[in-house]
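J.: the sequence and its predicted three-dimensional model are supplied below.
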Number of protein chains: 2
Amino acid sequence: MKSDIPGLMSERGLDAIMIAGGGVNNPIMTYMTGPARLLRSFYAMKADGTSLLVHNPMERDEAAETGLPCSTFADFKLKDLTRQEQSEVRGEARMMGLILEKLGVKGKVGLYGNIEASRLLMQVEFLKQTMNGIEIALEGDRTIFDVARGTKNESEIEQMKDVGRRSCESLALVRDFLFSCKIERNRLVKSDGKPLKLGDLRSMMRRELIQRGLVESSGTIISMGRDSAVPHNFGNDEQIIEPGKTIVMDVFPGEIGGGYKFDITRTYCVGDVPEEVKKVYDDVLGAQELVLNSLKVDTPARIYQDQTCEFFESRGYRTIRQDDTLQEGYVHGTGHGIGLEVHEKPRLAGPETNSDEIVRGSVFTVEPGLYFPSRGIGVRIEDIVYARPEGKFEVLVDFPRELSPVWRA
Amino acid sequence: MKSDIPGLMSERGLDAIMIAGGGVNNPIMTYMTGPARLLRSFYAMKADGTSLLVHNPMERDEAAETGLPCSTFADFKLKDLTRQEQSEVRGEARMMGLILEKLGVKGKVGLYGNIEASRLLMQVEFLKQTMNGIEIALEGDRTIFDVARGTKNESEIEQMKDVGRRSCESLALVRDFLFSCKIERNRLVKSDGKPLKLGDLRSMMRRELIQRGLVESSGTIISMGRDSAVPHNFGNDEQIIEPGKTIVMDVFPGEIGGGYKFDITRTYCVGDVPEEVKKVYDDVLGAQELVLNSLKVDTPARIYQDQTCEFFESRGYRTIRQDDTLQEGYVHGTGHGIGLEVHEKPRLAGPETNSDEIVRGSVFTVEPGLYFPSRGIGVRIEDIVYARPEGKFEVLVDFPRELSPVWRA
């Protein structure tokens, strides 16, 4: 968690960290500064905790809300630097150097943040040429932020639960609307007699999420039949919903303005459920329950992928560990960490080089699925699990796992 | 525009370009592939137009929709590469190298995309050490994408106009709701007798935008009084709206799922308009009209910032060119390019090192403003202008510029 960062810095011999980029769509920045809608900014922190957030003067109110020590570009005379360098990119790089200098940084610096590659590469090249005694650190597969963000503290858990509750309320309303529609001539119709389309459900989901202060990270998967059997197919809005088909709803929104995400998937089937759908659903549910009941702290995350593959293989399904080009069967990983991004560490997936571990504080999805594009069947069931400080596991937000909910009168 | 890219590549001696990162919040990727909600992907293109989009197998439907030649990570045996390298980061870097090799790239490669800095730096280091004959190009302040994206083609203009029309519909509804509220005891009240808060307007705006398929890039500025005098203060939801105060509404949404943005600002004042507000408003409007009437193609973009500063200075205001720490007066630039990002080239702003030009195809905002936090007055008026192929300028979407709209009976 965040409080681990100073220790991680000293373990790795980092004298400072610097995060570049805006305050939006930049999870490492959000992690250190909280949600702050800055266009462009630099945050630097020394191992002793001294830090500075440098921002555009007209964003001073947003910056001040972080509670961090702040300076503006004007304080660092960015305009003069740009003029001297005859370049905005180099002027900004000079400012990055001055920020480190002001904090008294000497030695290894970790550089982070979602920023445009070509600009970053120029600035790093410039820093290397001009900064004496500063070295940009390369940390390998697990940066200090991968490690720190891999475990969540109580406040993060509360925020994620809150996003989760609001996500599940939205999902419940969309589910209930789906099952409230009548079946006429082998298709679902709304109360106005018009056919129900996937797009109707998607618009409703978006509206319900927004009303609860949530926004879709990149959309919501609401797919049916053959499309539901391609895991990241978002679904075709024009498709009219038919009984007996698998409908996958994978909802992964986050707080408006930046913050924690949630991720849940349910698969539904309206009307008479075909036997083969029922069988596939029960096997996916079985796999999920097996993993949920097997989880232990201080275990390698990838063993749960092996466990899921074994379970499915023993029931006659093909799995991705047998063939990584597989399209029919179990074709993805068992889960992924989640927090400020929908996909974080730990990854409950191969390959064997994946050294992520499940530890106290881990928060991750458990989401087995089975996919048969040739038969038009896709099933995935996904929940988020939290490894509590005492070592027990908790499903973050409980939500019914029914293929065909018993209708509430 | 996009069709300029091969020419720009050859001008700069680039044998290929490679874009890394997901398909969401990655405008350079979106520019080349269109909106595609890929989690992680690589797109490479040679100067002769040969290209390849490499993606996760489970995102094959999303990838195929781009119409581009596609391969999967499995096709490149990413798992084996990762195992051989004992590292996911290096395994992926090996794959980047193999993609270039497959396209027959030799020589200079431009690397782009919004990706996490620490991972990128490791991969570039690895590529430098392992790839013979490949050099990562550093292009300076204006990359080929800055240049290409700096002019828009007809299809981009149509998309931006469409986003603009929907943004303006939403703004009009929020404005009309604001002016429909009664004034009681020096505050605005809704029809239910409750006081009208900035948060009411913000929720309504969000709802109207979403219903039109638009999503806020990072929020909407709806600020009043002192907050409206700090340009990027988003405004306090709990603030009760009072007559006679300046209310700044700066709306900059984009297509849900990624795509073009719009950006418009209006300043409103309900009830009796104080003389000083009227004066400031008229001066800002005067500055905007001056620039709109002065625009010429093939001119440096920063001359319009000088023009705006001169105009304001001649009326006794202080400007940022006199003092870049200024907080009272004209404190920002005249405008910015817009497209797949809210802020692109050209920038109508200092410093004198800004070499951006207004040319045929440029699309940018003209948004002078005056800010007086000490007096609680902030005014900004912003519209988007398009430099048409024949050299004339067009306001992309017309929207009334009234401080206090004449009420429509």
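T.: Yes, it's here.
J.: from here on, contacts and neighbour counts on C-alpha atoms
T.: OK.
J.: residues contacting the closest residue to A:Gly257 other than its chain neighbours?
T.: Leaving aside its sequence neighbours, A:Gly257 sits nearest to B:Ser218 (Cα to Cα, 6 or more residues apart in numbering or on different chains; 5.8 Å). For B:Ser218, the contact set (Cα atoms under 8 Å, 6 or more residues apart in numbering or on different chains) comprises A:24, A:37, A:257.
J.: just want the most central residue of chain A.
T.: The structure's chain A has its C-alpha centroid closest to A:Val342; by Cα atoms, centre = their mean the separation is 0.7 Å.
J.: relative to chain B, how far out is that one?
T.: Taken as Cα to the nearest Cα, to the nearest Å, the spacing of A:Val342 relative to chain B amounts to 10 Å.
J.: that residue sits in which helix or strand?
T.: With secondary structure defined by DSSP states H and E, A:Val342 is part of neither a helix nor a strand.
J.: who does the residue nearest to it when sequence neighbours are not counted form a beta bridge with?
T.: For A:Val342, ignoring the flanking residues on the chain, the nearest one in space by Cα to Cα, 6+ apart is A:Lys261 at 6.0 Å. In this entry, A:Lys261 is beta-bridged to A:Gly254, by DSSP bridges.
J.: doesn't the residue nearest to A:Gly257 belong to a strand?
T.: No. Remark: B:Ser218 does not belong to a strand; assigned using DSSP: H, G, I helix; E, B strand; the rest coil, it is coil.
J.: coming back round to it: wait, the residue nearest to A:Val342 touches A:Gly254, no?
T.: Yes. In this structure, A:Lys261 is within contact of A:Gly254 by Cα atoms under 8 Å, at 4.1 Å.
J.: who touches both of these two?
T.: Listed as contacting both A:Lys261 and A:Gly254 by Cα under 8 Å, 6+ apart are A:Val163.
J.: tell me which helix or strand comes right after the longest helix along chain A.
T.: Longest helix in chain A, counting residues (DSSP state H): helix A:154-180. On the C-terminal side of helix A:154-180, the nearest following helix or strand under DSSP H and E is strand A:182-184.
J.: which other helices and strands does that following strand contact?
T.: Secondary-structure packing of strand A:182-184 (3 or more Cα pairs under 8 Å, 6 or more residues apart in numbering or on different chains; DSSP states H and E): strand A:187-189.
J.: show me the contact partners of the helix or strand that the strand it packs on is followed by.
T.: Secondary structure here is assigned by DSSP H and E; on that basis, the next helix or strand after strand A:187-189 toward the C-terminus is helix A:198-211. Contacting residues not belonging to helix A:198-211 are listed as A:166-167, A:170-171, A:174, A:178, A:215-216, A:220, A:222-223, A:235-241, A:253, B:203, B:206-207, B:210-211 [Cα under 8 Å, 6+ apart].
J.: what is the mean pLDDT for helix A:198-211?
T.: The average pLDDT within helix A:198-211 is 95.
J.: roughly how far apart are A:Glu154 and chain B?
T.: Distance, A:Glu154 to chain B, using Cα to the nearest Cα: 26 Å.
J.: brain fart, A:His232
T.: A:His232 is 5 Å from chain B, where distance means Cα to the nearest Cα.
J.: that residue contacts B:Glu59, correct?
T.: Yes. A:His232 is in contact with B:Glu59 according to Cα under 8 Å; the separation is 5.2 Å.
J.: can you count the residues close to A:Glu106?
T.: Just so we're on the same page, residue A:106 is Lys rather than Glu. When counting by other Cα atoms under 10 Å in any protein chain shown, one arrives at 17 neighbours for A:Lys106.
J.: sorry, wrong one. I was asking about A:Asp192.
T.: For A:Asp192, the neighbour count with other Cα under 10 Å is 7.
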